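Undergrad: here is the input, now give the coordinates:
(one chain, ligands or ions: 1)
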Amino acid sequence: MNKKIGVKILGTGSYFPEKILTNSDLEKIVDTSDEWISTRTGIKERRISKKNEPTSELAFKASIEALKAANISPEQIDLILVATITPDMLFPSTACFLQKKLKLISVPAFDLSAACSGFIYGISTAKAFIESGLYKTILLIGAEELSKITDWTDRNTCVLFGDGAGAMVLSASQENDDVLSVFLGADGSYSDLLFLPAGGTVCPVTESTVNEKLHTIKMQGKEVFRAAVPKMVLAAEKALELSCKKLKDIKLFIPHQANMRIIEAVAKKMGISMDRVFVNIYKTGNISSATTITALDEAIKTGKLQKGDIVELVAFGGGFTWGATVIRI
Ligand SMILES: CC(C)(COP(=O)(O)OP(=O)(O)OC[C@H]1O[C@@H](n2cnc3c(N)ncnc32)[C@H](O)[C@@H]1OP(=O)(O)O)[C@@H](O)C(=O)NCCC(=O)NCCS
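TA: Numbering: from 1, shown residues only. The predicted structure follows:
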């Protein structure tokens, strides 16, 4: 009988645009204050991409780092998967633009849309492809430029989001099985609480959709907050159960970086002390599908995680979607 194919995590990488937008910069744009943003969200600053720097460019720079960390040549990649809700264009996919930049012509490439849970959905997809034997080495990216779909006159949303990209290389292995579990969920009945109304087939681009700023993020913050905490707890507990690990086995808990108060509420409900929870929201803001992977990469680079440590990633986002994964790095 053939041995089950395992998944090995070979390496991670990340990239943030150079420009930093601080809370005091925002005080000059909308009626807000560093004090309000810091106490309500935990965010102090976020990165903003340049006009001529599309999502695929951030994805490319993060990918180069991940390939280096994985110690493989790009030619070994046989599938490119980009989780994003801020693609370069509606089509072709950002994954195709990235494939061109990586000069990996012919390698299959596609985007995955699951908002802030995108990277966890991506891990699940990569795991299934590898275990099925269809692909051996997958480049998985979470990349976003939320600054380009933000209404910079709306203080309710513009203080929350930022830009960045993270990448991971996963490959088939006979010895390792680093993705111990994944749990995913979604509830489309909440689609109108966090969404981008225009630009799709429901509301194609017209002069009035532009004038009414319908190409920017709309959100009912309180309702999103209320749903996020229980769903993240549920996902984290389910993934833990599926992994056959206990809370004490998790070296670091990496939640989606949307709001410090959400992170603290989830940790409290799960009985995890904050010193075991990774937080970098203060310098990134919410970068949707890129949050968990960039946080994981930072935790590895700063020595908070060592080879063999077990980590849990958990996310929640528009859709609503949610998901968690227990992995060994
Ligand atoms: C957005 C969020 C920070 C708002 O916090 P809140 O405590 O719910 O605040 P409210 O929406 O009740 O607003 C309270 C007041 O602050 C004001 N306010 C909103 N944004 C502000 C800002 N940037 N600066 C100053 N005041 C602001 C509101 O207008 C409101 O004023 P009012 O009472 O005069 O009407 C919070 O709801 C949140 O984080 N939700 C989750 C969002 C999220 O994570 N989304 C992504 C999920 S993936």
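
Undergrad: what's in contact with the helix or strand residue 298 falls within?
TA: Following DSSP states H and E, one finds residue 298 within helix 291-301. By Cβ atoms under 8 Å, 6 or more residues apart in numbering, the residues outside helix 291-301 that reach it are 12-14, 16, 62, 65, 116, 119-120, 140-142, 164-168, 252, 254-258, 278, 280, 284, 287, 305, 311, 313-315, 329. From N, CA and C alone the C-beta is placed, and that goes for glycine too.

Undergrad: where does the prediction get shaky in the stretch 151-300 of the chain?
TA: Nowhere does the stretch 151-300 of the chain drop to pLDDT under 70.

Undergrad: where do the strands of it begin and end?
TA: Using DSSP state E, counting those that start in this stretch, the strands of the stretch 151-300 of the chain run over residues 163-173, 179-186, 194-195, 218-219, 252-255.

Undergrad: that older thread, hmm, the helix holding residue 298 touching the ligand?
TA: No - Helix 291-301 lies out of reach of the ligand by Cβ under 6 Å from any ligand atom, never closer than 8.7 Å.

Undergrad: what about the longest helix that the chain contains, distance to the chain center?
TA: What stands out as the longest helix in the chain, according to DSSP state H, is helix 221-243. With Cα atoms, centre = their mean, to the nearest Å as the basis, helix 221-243 stands 16 Å off its chain's centre.

Undergrad: do stretch 188-203 as well
TA: Remark: stretch 188-203 is offset 20 Å from the chain centroid, using Cα atoms, centre = their mean.

Undergrad: so which bits of stretch 116-125 are buried?
TA: Of all the residues in stretch 116-125, those buried under the rule 16 or more other Cβ atoms under 10 Å are 116, 117, 118, 119, 120, 121, 122, 123, 124, 125.

Undergrad: can you redo the strands of the stretch 151-300 of the chain as TSV with distance to the ligand and mean neighbour count?
TA: Shown next, in TSV, are the strands of the stretch 151-300 of the chain (distance: least, Cβ to the nearest ligand atom, whole Å; neighbours: other Cβ atoms under 10 Å):
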stretch	distance to the ligand	mean neighbour count
strand 163-173	15	27
strand 179-186	13	20
strand 194-195	6	20
strand 218-219	6	17
strand 252-255	11	25
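
Undergrad: for whatever residue of the stretch 1-150 of the chain ends up closest to the ligand, which residues are in contact?
TA: Closest residue of the stretch 1-150 of the chain to the ligand, Cβ to the nearest ligand atom: residue 32 (3.3 Å). By Cβ under 8 Å, 6+ apart, the residues touching residue 32 are 23, 26, 155, 159.

Undergrad: neighbour-wise, which of these leads?
TA: residue 159 (26 neighbours; other Cβ atoms under 10 Å).

Undergrad: relative to residue 122, how far out is the nearest residue to that one once chain neighbours are set aside?
TA: Nearest non-adjacent residue to residue 159, counting by Cβ to Cβ, 6 or more residues apart in numbering: residue 37, 4.8 Å away. Distance, residue 37 to residue 122, by Cβ to Cβ, to the nearest Å: 29 Å.

Undergrad: for the closest residue to the ligand within the chain, which non-adjacent residue is closest in space?
TA: The nearest approach of the chain to the ligand comes at residue 221, 2.9 Å away (Cβ to the nearest ligand atom). Closest residue to residue 221 apart from its sequence neighbours, by Cβ to Cβ, 6+ apart: residue 156 at 6.2 Å.

Undergrad: please report how far that neighbour lies from residue 248.
TA: Distance of residue 156 to residue 248, given as Cβ to Cβ: 39 Å.

Undergrad: neighbours of the nearest residue to residue 169 once chain neighbours are set aside, how many?
TA: Nearest non-adjacent residue to residue 169, counting by Cβ to Cβ, 6+ apart: residue 70, 3.9 Å away. Using other Cβ under 10 Å, residue 70 has 23 neighbouring residues.

Undergrad: could you do residue 68 as well?
TA: Counted with other Cβ under 10 Å, the neighbours of residue 68 add up to 12.

Undergrad: ok, it touching residue 14?
TA: No - Residue 68 is not in contact with residue 14 according to Cβ atoms under 8 Å; the separation is 12.0 Å.

Undergrad: in a strand, that's where residue 7 is, yeah?
TA: Yes - Residue 7: assigned to a strand according to DSSP: H, G, I helix; E, B strand; the rest coil.

Undergrad: and the closest residue to it other than its chain neighbours, what does it touch?
TA: The spatially closest residue to residue 7, leaving aside those adjacent along the chain, is residue 179, at 4.6 Å (Cβ to Cβ, 6+ apart). Residue 179 is in contact with 7, 9, 123, 127, 170, 325, 326, 327, counting by Cβ under 8 Å, 6+ apart.
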